[in-house]
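K.L.:
Let's see this in three dimensions:
(one chain, ligands or ions: 1)
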Amino acid sequence: VISGAKNAAVAILPATLLIDGVCTIENVPNISDIKISCEILKKLGAKITWQDEHTITIDTTNITTTKAPLDLTSKFRASYYIIGAMLSRKGEVEVGMPGGCKLGARPIDQHIKGFEALGANVTIEHGAVLVEAESLKAANIFFDVVSVGATINVMIAATMAEGTTVLENVAKEPHVVDVANFLNSMGADIKGAGTDVIRIKGVNELVGCNYSVIPDQIEAGTFMIAAAATKGDVTITNIIPKHLESISAKLIEMGAIVKEGDDSVRVTVDNELRGVNVKTAPYPGFPTDVQQPMSVLLSITKGRSLVTESIWENRHKHTDELKKMGAMIKVEGRTAIIDGVEKLEGAKVIATDLRAGAAMVIAGLIANGETEIVDIEHIDRGYPHIEEKFRSLGADIRRVVR
Ligand code: EPZ
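P.N.:
The predicted model follows:
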């Protein structure tokens, strides 16, 4: 059963800062990025009540400061959404320079371009980002690169700006649409999310609401790939099959059987899979966040596969770990050239980042013998109860507390 989408939830939680009131968010994934997000909201004065493991009530009536703690905000990437929300609500905000997985340069120039176009002043000094504005005014913004973060952040900031903001060359990921739907549930007037152009008509006020986060496309894709890699028969539920089309299409191209239900997908394998080429791209292309698990599957798939990472400059670090397990991979620039081997061998490997960690779990499941993965705190940032979910499918996996 797939949990709520991390990359939607990490934007929806900070976006509750837009209002002076109460929101209840359901289907929140139980992961460490959400816990940090809640800690930051609390430090700003929000009251957080967990109704159950997946439901949070956030009361943002008494926001007491516009300075988010630098140590917490610089720990993870999505802290940049505090900027859009607090800028709109309070006209000023200070956060630490956003951190996150080390995937190469991760600039925030497109976020800044958007805030400045809405009338804000942005200063970066001593690892902190300071953004302030007397008032925000609508603008036409054409992003230079397709950015999930910048699209969502500027959309959040523009919800109450005077006039109609038009964002062009925007990201179309399911989580962008989900955040727009959440903002509209609070009374925003946003049209076009999911297309290249988003129009945001500024409203005077937003109000609290109840909202349920969409299922996690990336967690679902990871389990689909794990099913194919282990030649299992796995039905993945609580998903939106449309969001998984690029992954389903690639698995079918390899020879796997993918059967879609209304809110589920079943992956089985009844013959030998073929190597394929994969190139990551913004939605609806093949998601970069599933690239690393996919390269594990390709490492044991007959023939040569080329995996080209076009979003991040450094997202092949996991291939060094896979090579420790016997994989034949050569990285040239942004492309990994993978020659499928019969079997991987268990080894001690490192979860170099979040999705690399999930990739190592799949590698461990298909390898001969035992695999030990260290630095698993990366995995806990994005996969709720990963070992329980795999154990329920028959995997021999346990968390070793040291
Ligand atoms: C989001 O990161 C996700 N994180 C990432 O998932 C995901 O890999 C990425 O989108 C792409 O889908 C969150 O949602 C928290 P971008 P984000 O802005 O928003 C360049 C995971 O594993 N760029 O869409 O930071 C950037 O360098 C994480 O869950 C600029 O040049 O990514 C990259 O090449 C890892 N200037 C490209 O755009 C900017 O101002 C896409 O980045 C912003 C981005």
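K.L.:
List phi and psi for residue 78.
P.N.:
phi -70, psi 0 (degrees, to the nearest 10).
K.L.:
Can you name the residues that contact it?
P.N.:
Counting by Cβ atoms under 8 Å, 6 or more residues apart in numbering, residue 78 touches 7, 10-11, 14, 33, 37, 98, 100, 149. Where C-beta positions appear, they are placed from N, C-alpha and C, glycine not excepted.
K.L.:
Go through these and flag which are in helices.
P.N.:
Under the assignment DSSP state H, the contacts of residue 78 contribute 7, 10-11, 14, 33, 37, 149 to helices.
K.L.:
Among the contacts of residue 78, find the lowest-pLDDT one for me.
P.N.:
Ranked by pLDDT, those bottom out at residue 100 (61).
K.L.:
And the pLDDT at the residue lying closest to residue 318 once chain neighbours are set aside?
P.N.:
Closest residue in space to residue 318, ignoring its immediate chain neighbours: residue 356 at 3.7 Å, by Cβ to Cβ, 6 or more residues apart in numbering. pLDDT recorded at residue 356 is 97.
K.L.:
Next, work out how far apart residue 356 and residue 35 are.
P.N.:
For residue 356, the distance to residue 35 (Cβ to Cβ, to the nearest Å) stands at 21 Å.
K.L.:
More neighbours: these two, which one.
P.N.:
A direct count of neighbours by other Cβ atoms under 10 Å for residue 356 and residue 35 places residue 356 higher, at 30 against 11.
K.L.:
Quick check, that one in contact with residue 317.
P.N.:
Yes. With contact defined as Cβ atoms under 8 Å, residue 356 reaches residue 317; the gap is 6.3 Å.
K.L.:
Please name the residues that touch whichever residue of the stretch 51-200 of the chain sits closest to the ligand.
P.N.:
As assessed by Cβ to the nearest ligand atom, the ligand sits closest to residue 149 within the stretch 51-200 of the chain, at 2.8 Å. For residue 149, the contact set (Cβ under 8 Å, 6+ apart) comprises 77-78, 80-81, 108, 110-111.
K.L.:
got it, and residue 190?
P.N.:
Residue 190 is in contact with 155, 159, 180, 183-184, 198-201, counting by Cβ under 8 Å, 6+ apart.
K.L.:
do residue 114 as well
P.N.:
141, 143, 150, 153-154, 157, 167.
K.L.:
buried sites along the helix or strand bottoming out on mean pLDDT in the chain?
P.N.:
Sorting the helices and strands of the chain by mean pLDDT, DSSP states H and E puts helix 70-73 at the bottom, at a mean of 87. Applying a neighbour-count criterion of 16 or more other Cβ atoms under 10 Å, one finds 70, 72-73 buried in helix 70-73.
K.L.:
and the next helix or strand after it, does that touch the ligand?
P.N.:
Per DSSP states H and E, the first helix or strand lying C-terminal to helix 70-73 is helix 81-90. No. Using Cβ under 6 Å from any ligand atom, helix 81-90 never reaches the ligand; the gap is at least 8.4 Å.
K.L.:
Need the residues that contact helix 81-90.
P.N.:
Outside of helix 81-90, the residues within contact range by Cβ under 8 Å, 6+ apart are 10-11, 14-20, 40, 44, 63, 66, 68, 73, 92-93, 95, 111, 115, 120, 129, 131-133, 136, 149, 152-161.
K.L.:
mind checking how far residue 389 is from the ligand?
P.N.:
Residue 389 is 17 Å from the ligand, where distance means Cβ to the nearest ligand atom, to the nearest Å.
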